[in-house]
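Q: one predicted model, sequence on top.
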Amino acid sequence: MSSGGEPVEGWGYPPAAFVAHYFGPDRRSLCGRWRYAGALGRTAVTKCRRCERLAARRAGEAAGEKRDDAGRGGGEPAGRGRSGPR
Ligand SMILES: [Zn+2]
């Protein structure tokens, strides 16, 4: 395996793009619109929103993000004290 010192993924500015896109090891942007083989950085000033979101999600998955249990408190309404004759 070739081990270059450069990061294999990160933010890059394709010449025709106005904002930075996040490129993976395959040299394609996460949003799928760009290809770029130039230098990549860890941060960028203006980022493609879609790439930013996907990159964040990606990072979250890599870090083993925990999910909060959203469905908590499935409590039934407290029984109304039925005081019927038995
Ligand atoms: Zn993008």
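A: Received, thanks.
Q: tell me the pLDDT at the most centrally placed residue in the chain?
A: Nearest to the mean C-alpha position of the chain, by C-alpha atoms, centre = their mean, lies residue 57 at 1.6 Å. Residue 57 carries a pLDDT value of 94.
Q: phi and psi next, for it.
A: phi -70, psi -40 (degrees, to the nearest 10).
Q: might you report the residue contacts of residue 43?
A: For residue 43, the contact set (C-beta atoms under 8 Å, 6 or more residues apart in numbering) comprises residue 11. The way it works is simple: take the backbone N, C-alpha and C, and place the C-beta from them, glycine included.
Q: thought residue 12 was touching residue 38, still the case?
A: Yes: the criterion here is C-beta atoms under 8 Å, and residue 38 meets it with residue 12 at 5.7 Å.
Q: show me which of these two is the more surrounded one.
A: For residue 38 versus residue 12, the count of surrounding residues by other C-beta atoms under 10 Å is larger for residue 12: 22 against 10.
Q: bridging residues for the more buried one?
A: Beta-bridge partners for residue 12, by DSSP bridges, are residue 21.
Q: so which helix or strand takes in residue 59?
A: helix 49-62 (DSSP states H and E).
Q: with residue 45 instead?
A: Residue 45 belongs to no helix or strand, assigned by DSSP H and E.
Q: check the gap between it and the ion for me.
A: For residue 45, the distance to the ion (C-beta to the ion, to the nearest Å) stands at 14 Å.
Q: how much space between that residue and residue 11?
A: 9 Å (C-beta to C-beta, to the nearest Å).
Q: try residue 49
A: Distance from residue 49 to residue 11, by C-beta to C-beta: 13 Å.
Q: strands of this structure, start to end?
A: 10-12, 21-23 (DSSP state E).
Q: what is the neighbour count of residue 44?
A: Residues within reach of residue 44, counting by other C-beta under 10 Å, total 18.
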